[in-house]
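K.L.:
Mind folding the following:
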Amino acid sequence: MDRLHSDPRFSVCPDFMSERYRVSRISMVTANVTEAQAADTLRNIWVTTNEDLCLQWQQQLAEDDRLKAEKQCLDKEDQERQQAALQLEEATARADEKKKNRLKHIPIPMRPRPFANDEEALISEFAIRKLDKGQYIELYYWTNHGLDDAMVNYRTRDDDSLVPTTGEDGSTVWISSASSKPASGVIVDRHLSPADFAQAIPRIVAALEERDWPQQRVLMLAQFWGAIMLHRY
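P.N.:
Take a look at the predicted model:
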């Protein structure tokens, strides 16, 4: 179907009784059809055709709006992917620099109690405990939603609440209840949006470095996540 270049609603029906349309009228005249009736038939055909064109015009406008919104969405995702790739490149460069200058970057072996400071990201104690034990943990905890959830739980939970758990040597260890329970709204990694994924990766790479993970593993994970973010699909 050919694309329309103007709104057919503003088209004016021609005068089919004019001299310009005489040949068209005469070709339709018969013993039972007068010239005036032929002009009426031509007018009806024009009106029907114009109505079809008006419908096509509305569909064309709707399709243009859909394609424009789709392009804006793709452009936004591409921009977020490039920004995330840049952040990952910077994080990888920092990790590589830390590997080359290991003595300069030896972390102080202590973990201060976090404060509710708006300028600092408060990570879930459950997620930090998983990192310390080298266990799998969802990237959700490093997204904006995960950080907000950790802040809400930190402000509302009972600081004196402890629960027993089994330590690595089989003994009973008492830990805070917050570090033993996952967040209620955790989203699995494969269901994270590109924006959430881009938010989480630089933060978890920084967390791995802070938890003194081996640099080789940090670089491996950073490159793996970076390849996912840069993949077209």
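
K.L.:
Report back the residue of this structure that's furthest from centre.
P.N.:
The centre of the chain is farthest from one residue, residue 31, which by C-alpha atoms, centre = their mean lies 69.9 Å away.

K.L.:
Tell me, what's the model's pLDDT at residue 120?
P.N.:
Here, the pLDDT recorded for residue 120 equals 58.

K.L.:
start to end distance for stretch 29-41?
P.N.:
The stretch stretch 29-41 measures 11 Å between its terminal residues, going by C-alpha to C-alpha, to the nearest Å.

K.L.:
quick one: pLDDT of residue 75?
P.N.:
Per the predicted model, pLDDT is 94 at residue 75.

K.L.:
pretty sure it is in a helix, no?
P.N.:
Yes. Under DSSP: H, G, I helix; E, B strand; the rest coil, residue 75 sits within a helix.

K.L.:
Burial check on it, number of neighbours?
P.N.:
Other residues lying near residue 75 total 10 when counted by other C-beta atoms under 10 Å. Every residue, glycine included, has its C-beta placed from N, CA and C.

K.L.:
still on that earlier bit, so the residue farthest from the centre of the chain versus residue 37, what's the distance?
P.N.:
Going from residue 31 to residue 37 by C-beta to C-beta, to the nearest Å gives 12 Å.

K.L.:
again with residue 29
P.N.:
Residue 29 is 8 Å from residue 37, by C-beta to C-beta.

K.L.:
what's the answer for residue 48, then?
P.N.:
Per C-beta to C-beta, residue 48 is found 17 Å from residue 37.

K.L.:
ditto for residue 226
P.N.:
Taken as C-beta to C-beta, the span from residue 226 to residue 37 is 76 Å.

K.L.:
and what of residue 77?
P.N.:
Per C-beta to C-beta, residue 77 is found 60 Å from residue 37.

K.L.:
And residue 19, by the same measure?
P.N.:
18 Å.

K.L.:
what residues are up against residue 9?
P.N.:
54, 57 (C-beta atoms under 8 Å, 6 or more residues apart in numbering).

K.L.:
repeat that with 7 Å
P.N.:
Shown in contact with residue 9 (C-beta atoms under 7 Å, 6 or more residues apart in numbering): residue 54.
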